[in-house]
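A.B. asks: Turn this into a structure:
(4 chains)
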There are 2 protein chains.
Amino acid sequence: MARLSDVIEDFIKALLKETDTGIEIQRNELATYFKCVPSQINYVIGTRFTAEKGYFVESKRGGGGYISIKSVSIKKPYEYLMHIILSMGDEISQQSAEIYLNNFVDYNIITKEDSQIIKAAISNGALRKVDSEKRDMVRVDIFKNIMMSMIV
Amino acid sequence: MARLSDVIEDFIKALLKETDTGIEIQRNELATYFKCVPSQINYVIGTRFTAEKGYFVESKRGGGGYISIKSVSIKKPYEYLMHIILSMGDEISQQSAEIYLNNFVDYNIITKEDSQIIKAAISNGALRKVDSEKRDMVRVDIFKNIMMSMIV
DNA sequence: TATAATAAGGTCAGAGATAGTCAAAGGAAG
DNA sequence: CTTCCTTTGACTATCTCTGACCTTATTATA
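C.D. replies: Below is the predicted model:
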């Protein structure tokens, strides 16, 4: 018979697979669901979701408390960004770039603050001295450079 | 269940974002709005808007009383950055820009991560399509644009 | 004025809601 | 039978929310 801890481990991993942003669970709720004592959840997390194994766990006690688990591999949206970068053409308009950036924010790949910085870097205002027919080319270079710097 | 304290925290932060001068709130009014006891407002302020987190809180009792909250982390870098921006010439080399950035990091004005992003944005690599004699001019524009975006 | 009434905000301890720790008991594998 | 992993539960720590009671400032009134 499979050990309960393994079942809980699989359950949490399945939850993690369904989201790109990490999960947030309630210890007592999970314990109730699996009909075990709450501390068993700690046991599972302590033995299966360690930093060494690529997980980042945070928690908070008190009312509205939670345990959040993130897979560190999610932190590197390497492939997604790489795909975007490679699929980007030789030029990009300010508008299109901002659409990309808004998506990155929505998908939690970059923070809103970073998106502001990047928008400032690639705005027409910042590039006003670049010949207008070259501007979109320069913009895509800056954009790709920034993105590359973020996945390293 | 989302914690009420977090909701109130977000509400206050949203108010703060809308103004550069700090906000002034009425404790009872806020409490009524969120259907909680007034002292919960104190709790939120005491736990989320501490000096350590970069907020300056003042209050006054009695008729016409209020609680004022100011974000101090924004004000100081503002003047410093503004000074830097204004004193910057019409062009800047990649090397000089990086020296500035390293200083900003040392003085805790920007994070190391942000400095990486900015370095990527203004590197010669990112600007390779810009005519080399114009490159330092474009770089300073991007640099100033980013800095301006950060103090808003 | 001096005093009372009113209108704020402040404090603190306790209740409630979660999560964490640790040691002992239970079981499976060798 | 020994060792190592799992399960349990008593006890602890932390965070949130509430309410009773306190302090201070302003305004009205004698």
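A.B. asks: Show me what the helix or strand where residue A:43 lies is packed against.
C.D. replies: Taking DSSP states H and E as the criterion, residue A:43 maps to helix A:38-48. Under the contact criterion of 3 or more CB pairs under 8 Å, 6 or more residues apart in numbering or on different chains; DSSP states H and E, helix A:38-48 touches helix A:4-18, helix A:27-33, strand A:66-71. Glycine gets a C-beta too; all of them are placed from N, C-alpha and C.
A.B. asks: Residues touching the second one, excluding its own?
C.D. replies: Looking back up the chat, that one is helix A:27-33. Under the criterion CB atoms under 8 Å, 6 or more residues apart in numbering or on different chains, residues A:8, A:37-38, A:40-42, A:59, A:65, A:67 lie in contact with helix A:27-33.
A.B. asks: one step back: pick the most deeply packed of the helices and strands packed on helix A:38-48.
C.D. replies: Using mean count of other CB atoms under 10 Å in any protein chain shown, the stretch among the helices and strands packed on helix A:38-48 with the largest mean neighbour count is strand A:66-71, at a mean of 18.
A.B. asks: Give me the number of neighbouring residues for the residue of chain A found nearest DNA strand D.
C.D. replies: When scored by CB to the nearest atom of the strand, chain A has residue A:62 as its residue closest to DNA strand D, at 2.3 Å. Residues within reach of residue A:62, counting by other CB atoms under 10 Å in any protein chain shown, total 7.
A.B. asks: sec struct for it, please.
C.D. replies: coil (DSSP: H, G, I helix; E, B strand; the rest coil).
A.B. asks: Turn the helices and strands packed on helix A:38-48 into TSV, columns for mean pLDDT.
C.D. replies: Listed next are those as TSV, based on pLDDT from 0 to 100:
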stretch	mean pLDDT
helix A:4-18	96
helix A:27-33	97
strand A:66-71	94
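A.B. asks: Is it possible to get a markdown table of those that adds distance to DNA strand D?
C.D. replies: Shown next, in a markdown table, are those (distance: least, CB to the nearest atom of the strand, whole Å):
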| stretch | distance to DNA strand D |
| --- | --- |
| helix A:4-18 | 3 |
| helix A:27-33 | 9 |
| strand A:66-71 | 10 |
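A.B. asks: which parts of chain A sit against DNA strand C?
C.D. replies: Neighbours of DNA strand C within chain A, by CB under 7 Å from any atom of the strand: A:1, A:25-29, A:38-39, A:41-43, A:45-46, A:59-67.
A.B. asks: For these, which PyMOL command selects only the ones that are buried?
C.D. replies: Remark: buried members of the residues of chain A next to DNA strand C, expressed as a PyMOL selection using 16 or more other CB atoms under 10 Å in any protein chain shown:
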select buried, chain A and resi 25+26+27+41+45+66+67
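A.B. asks: JSON lines for the helices and strands packed on helix A:38-48, including distance to residue B:53?
C.D. replies: Formatted as JSON lines, those follow (distance: least, CB to CB, whole Å):
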{"stretch": "helix A:4-18", "distance to residue B:53": "31"}
{"stretch": "helix A:27-33", "distance to residue B:53": "27"}
{"stretch": "strand A:66-71", "distance to residue B:53": "21"}
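A.B. asks: Can you list the buried residues in whatever helix or strand residue A:143 lives in?
C.D. replies: Taking DSSP H and E as the criterion, residue A:143 maps to helix A:132-151. Neighbour-count burial for helix A:132-151, counted by 16+ other CB under 10 Å, picks out A:135-147, A:149-150.
A.B. asks: quick check, distance from that helix to the centre of its chain.
C.D. replies: 22 Å (CA atoms, centre = their mean, to the nearest Å).
A.B. asks: next one: stretch A:33-53
C.D. replies: For stretch A:33-53, the separation from the chain centroid amounts to 23 Å (computed by CA atoms, centre = their mean).
A.B. asks: Among the contacts of helix A:27-33, which pair sits farthest apart?
C.D. replies: With CB to CB as the measure, no two of the contacts of helix A:27-33 lie farther apart than A:8 and A:65, at 18.3 Å.
A.B. asks: one step back: quick check, the helix holding residue A:143 touching chain B?
C.D. replies: Yes. Shown here: helix A:132-151 in contact with chain B (CB under 8 Å from any CB of the partner chain) through A:134, A:137-138, A:141-142, A:144-146, A:148-150.
A.B. asks: ok, and what's touching that helix?
C.D. replies: The contact list for helix A:132-151 (CB under 8 Å, 6+ apart) reads A:76-78, A:81-82, A:84-85, A:88-94, A:97, A:100, A:110, A:114, A:118, A:121-122, A:124, A:127, A:130, B:116-117, B:119-121, B:123, B:125-130, B:138, B:142.
A.B. asks: Any chance of a PyMOL selection covering the buried ones in the residues you listed?
C.D. replies: Applying 16+ other CB under 10 Å to the contacts of helix A:132-151, the buried members can be selected in PyMOL as follows:
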select buried, (chain A and resi 77+81+84+85+88+91+92+94+97+100+110+114+118+121+122+127+130) or (chain B and resi 116+117+119+120+121+123+126+127+129+130+138+142)
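A.B. asks: This completes my enquiry, with thanks.
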